[in-house]
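Colleague: sequence and computational prediction follow.
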Amino acid sequence: MDRTPVPVSDPVPRLAVVANPENRRVALFEEAVRTAGLPAPRIVPWADVLRARGADFAVDEIVRIDSPGENREVDRMLRGAPDPTRVEGSARWYAAFVAAVRSLRGGVRLTDPDDLAVLFDKRLCHGVLHAAGVPVPASPTSGPDGLPVRGWDDVRAAMREHRMPRLFVKPAHGSSASGVLAVEAGGGGRIRATTSVELTADGVLYNSLRVRRYERERDVAAVVDALAPDGLHLERWLPKASQSGRAADLRVVVVAGRATHAVVRTSRSPLTNLHLGGRRGDLDTAREAVEAAGARWADVLGVCEQAAACFPRTLCVGVDLLPAVGWRGAAIGEVNAFGDLLPRLTGLPGGGAEGQDTYAAQVAAVLRGFVPHRTGTPHA
């Protein structure tokens, strides 16, 4: 892979952000830019991009593409759904989002459109990671030729044929655990699922901040059948390490190829997302547990860097690391294009971003001259 910096004609980089102005990430990025002594970045609202079918940037303008979420109008334009709390519509969202990103003209991207198209399709992303030798949970839907999932009957068949009594069912284009189900098969063929999806009496699915459990197979089937038209990804549910009696995983931010920030996420449910009741754990305790198990902390971070290296044209990704029981080994759950929202978290010792938050680390990388450039399409 080629990480050669793109020459920037102006010694002071011209920065721009495609985002929703009210997005918390924008304020944090603007603060990092000001702290670095640079002019305030130009903000191009996603709504304007979608209305105008694109936006123009100067040839030497460095463009950060950010999440189009947190805006009701933008969500309606991307998904065609009037209510942003609805779960369905992710396939339409994905198609419209990728098309909008590709419509941007000029400038140099910090987030590559081809990478984004893979990062926002869990099936494609899993396939790219697996092909690169990155440890990932087993999946029958991995890659462009993976098993199609048309509904609950296909999930049930995959559980039997691939010997997966416990698995995660994920919308292929979802984020923030939207629509994710942790499914378990028990004795006597009983099925239960843990999820944040609220299933109403009329069969409509809503995102909820309350994690719940469905104990009746017909309810689980109703949720899966409603999600299936948007595309589903299946993964073996790997038993994870614990911290203070709670399931634990890590979000590791990789900037310019280096693991710069990490946070432990713990939960009493299979979903560790912090907005769903997960709590930040203790990173030092996790590192000590890894070393006590006979592994090297640097190797654990190295797995995250290996995953990020599959997307060399994207400056920053957030990697979900799944530590095995007893902290012996780890796998990569997902790689997130917009996984850097970790307020008040400074860089890892020795990671090159000590004292910096995730946004300051990205600005510093740009100032060092690192701007990913296009070298072809590695995912083709």
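Modeller: Received, thanks.

Colleague: in what helix or strand does residue 332 lie?
Modeller: Assessed by DSSP states H and E, residue 332 sits inside strand 330-336.

Colleague: once you drop chain neighbours, what's closest to residue 311?
Modeller: Leaving out its chain neighbours, the residue that sits closest to residue 311 by Cβ to Cβ, 6 or more residues apart in numbering is residue 115, at 4.4 Å. For glycine as for every other residue, the C-beta is placed from the backbone atoms N, C-alpha and C.

Colleague: mind giving me the packing neighbours of the strand holding residue 332?
Modeller: Here strand 330-336 is seen to pack against helix 122-131, helix 297-308, strand 316-323 when contacts are counted using 3 or more Cβ pairs under 8 Å, 6 or more residues apart in numbering; DSSP states H and E.

Colleague: which strands and helices lie in contact with the longest one?
Modeller: I take that to be helix 297-308. Checking 3+ Cβ pairs under 8 Å, 6+ apart, helix 297-308 ends up next to strand 246-255, strand 258-267, helix 283-292, strand 316-323, strand 330-336.

Colleague: what residues of it count as buried?
Modeller: Of all the residues in helix 297-308, those buried under the rule 16 or more other Cβ atoms under 10 Å are 297, 300, 301, 303, 304, 306, 307, 308.

Colleague: hang on, the earlier thing: now the angle between helix 122-131 and the strand holding residue 332, please.
Modeller: With axes from the mean of the first three to the mean of the last three Cα atoms, to 10 degrees defining the directions, strand 330-336 sits at 140 degrees from helix 122-131.

Colleague: after strand 330-336, which helix or strand is next?
Modeller: Taking DSSP H and E as the definition, the helix or strand that follows strand 330-336 towards the C-terminus is helix 358-367.

Colleague: what does stretch 194-204 contact?
Modeller: Identification of contacts with stretch 194-204 by Cβ atoms under 8 Å, 6 or more residues apart in numbering yields 86-87, 177-182, 205-214, 219, 222-223, 226, 269-271, 276.

Colleague: that older thread, out of the helices and strands packed on strand 330-336, flag the one nearest residue 51.
Modeller: Ranking these by their distance to residue 51 (criterion: Cβ to Cβ) puts strand 316-323 first, at 27.6 Å.

Colleague: report all helices and strands that the closest one contacts.
Modeller: The contact analysis (3+ Cβ pairs under 8 Å, 6+ apart) places strand 316-323 against strand 246-255, helix 297-308, strand 330-336, helix 358-367.

Colleague: how about a cut-off of 7 Å?
Modeller: strand 246-255, helix 297-308, strand 330-336 (3 or more Cβ pairs under 7 Å, 6 or more residues apart in numbering; DSSP states H and E).

Colleague: chain center to that strand: distance?
Modeller: In this view, strand 316-323 has its centroid 8 Å away from the chain centroid, taken as Cα atoms, centre = their mean, to the nearest Å.

Colleague: same question for stretch 356-367.
Modeller: 19 Å.

Colleague: mind giving me the domain split of the protein?
Modeller: Domain ranges of the chain: 14-117, 152-236, 239-367, per automatic domain parsing.

Colleague: among these, show me which one is buried the most.
Modeller: Mean neighbours per residue, mean count of other Cβ atoms under 10 Å, is largest over those for domain 239-367, with a mean of 20.

Colleague: sorry, back to before: the residue nearest to residue 311 against residue 309, yeah?
Modeller: No. Residue 115 lies out of contact with residue 309 (Cβ atoms under 7 Å); the separation is 11.7 Å.

Colleague: pLDDT value on the residue nearest to residue 311, please?
Modeller: On pLDDT, residue 115 comes in at 96.

Colleague: beta partners of the residue nearest the centre of the chain?
Modeller: In the chain, the C-alpha nearest the mean C-alpha coordinate belongs to residue 336, at 2.3 Å (Cα atoms, centre = their mean). Beta-bridge pairing for residue 336 (DSSP bridges): residue 318.
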